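Participant: Dropping the sequence and predicted coords here.
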Amino acid sequence: MQSSCSLVAKCLFLSFTTCYRSLSESKQPDNPLLSLIAKTVPLLNGRDSDGNSIFLGPQGTKIPRYLLLVFLAKSTPTFKLLGKRLGDSDYFTLYAIGKVAESFKSIKPWHIPVHYDRTKVAKRIYEMVAKDGYVDIKKVAGDMLITTTQRGDELCEGLLPDLITYATLSEMAPVKVLNC
């Protein structure tokens with residue numbers, strides 16, 4: 001007779017392999033926001049897949065990139081675990097937001113992180129957009145905690161169609177001009 005521990009272990013193993021198989025065979029992402037960001041990392045970094053400056057360039061995409069990282073952290077259960085719940089919002093340290101950006105290193109198709117500057121620069125960017133009402137900053141026990149406001153969430157939701165459109169158009173084959 002098998003012990004109950006080995007039976008539980010077998011059940012867990014079978015559940016895991018079944019779940020893994022269904023995830024690997026699935027064509028639809030479970031989190032479309034995470035999938036979208038993963039597919040547009042070079043664009044968010046202001047570069048194409050060859051490293052050439054595109055779209056608004058690395059400096060021009062900095063504010064949208066930083067806002068989208070916080071928006072993604074708030075909207076994705078896995079990243080929410082990196083935050084702290086204060087009132088009715090999830091707040092994130094600069095370090096946690098950096099971890100979200102770094103996590104894209106292991107995600108297809110690019111395997112590159114979302115560019116995120118060192119803490120001093122990131123702090124300055126978030127303080128600047130806080131003045132425009134896109135983020136809320138709280139200081140708790142020496143940590144700077146950041147969340148997007150409703151205005152910031154609305155801006156991020158508006159940025160997503162732009163990213164999709166630009167990413168789609170930038171992947172189109174160039175038009176050939178015929179000499180007649």
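Facilitator: It's in. Numbers count the residues shown, from 1 in each chain.
Participant: Strands of the chain, start to end?
Facilitator: Ranges of strands in the chain, per DSSP state E, are 84-86, 89-93, 135-140, 143-148.
Participant: Determine which of those approaches P32 most closely.
Facilitator: strand 143-148 (18.3 Å; C-beta to C-beta). No exception for glycine: its C-beta is placed from N, CA and C like everyone else's.
Participant: Quick check: which helices or strands does that closest one pack against?
Facilitator: Strand 143-148 sits against helix 62-75, strand 84-86, strand 89-93, helix 94-102, helix 119-131, strand 135-140, with contacts defined as 3 or more C-beta pairs under 8 Å, 6 or more residues apart in numbering; DSSP states H and E.
Participant: can I get the strands of the chain in a markdown table with mean neighbour count and distance to L33?
Facilitator: Converted to a markdown table, these look like this (neighbours: other C-beta atoms under 10 Å; distance: least, C-beta to C-beta, whole Å):
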| stretch | mean neighbour count | distance to L33 |
| --- | --- | --- |
| strand 84-86 | 12 | 20 |
| strand 89-93 | 20 | 15 |
| strand 135-140 | 15 | 18 |
| strand 143-148 | 22 | 13 |
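Participant: Of all the ones you listed, which one is nearest C156?
Facilitator: Checking these against C156 by C-beta to C-beta gives strand 143-148 as the closest, at 6.5 Å.
Participant: what residues does that closest one touch?
Facilitator: Residues outside strand 143-148 that contact it (C-beta atoms under 8 Å, 6 or more residues apart in numbering) are 67, 70-71, 74, 83-84, 86, 89-94, 97, 123, 126, 134-139, 156.
Participant: that older thread, turn the strands of the chain into JSON lines, columns for distance to T40.
Facilitator: Below are the strands of the chain laid out as JSON lines (distance: least, C-beta to C-beta, whole Å):
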{"stretch": "strand 84-86", "distance to T40": "28"}
{"stretch": "strand 89-93", "distance to T40": "21"}
{"stretch": "strand 135-140", "distance to T40": "21"}
{"stretch": "strand 143-148", "distance to T40": "18"}
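Participant: picking that back up, please tabulate the helices and strands packed on strand 143-148 in TSV, including the columns mean pLDDT and distance to P32.
Facilitator: Formatted as TSV, these follow (pLDDT from 0 to 100; distance: least, C-beta to C-beta, whole Å):
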stretch	mean pLDDT	distance to P32
helix 62-75	94	10
strand 84-86	96	24
strand 89-93	97	19
helix 94-102	95	17
helix 119-131	95	25
strand 135-140	97	23
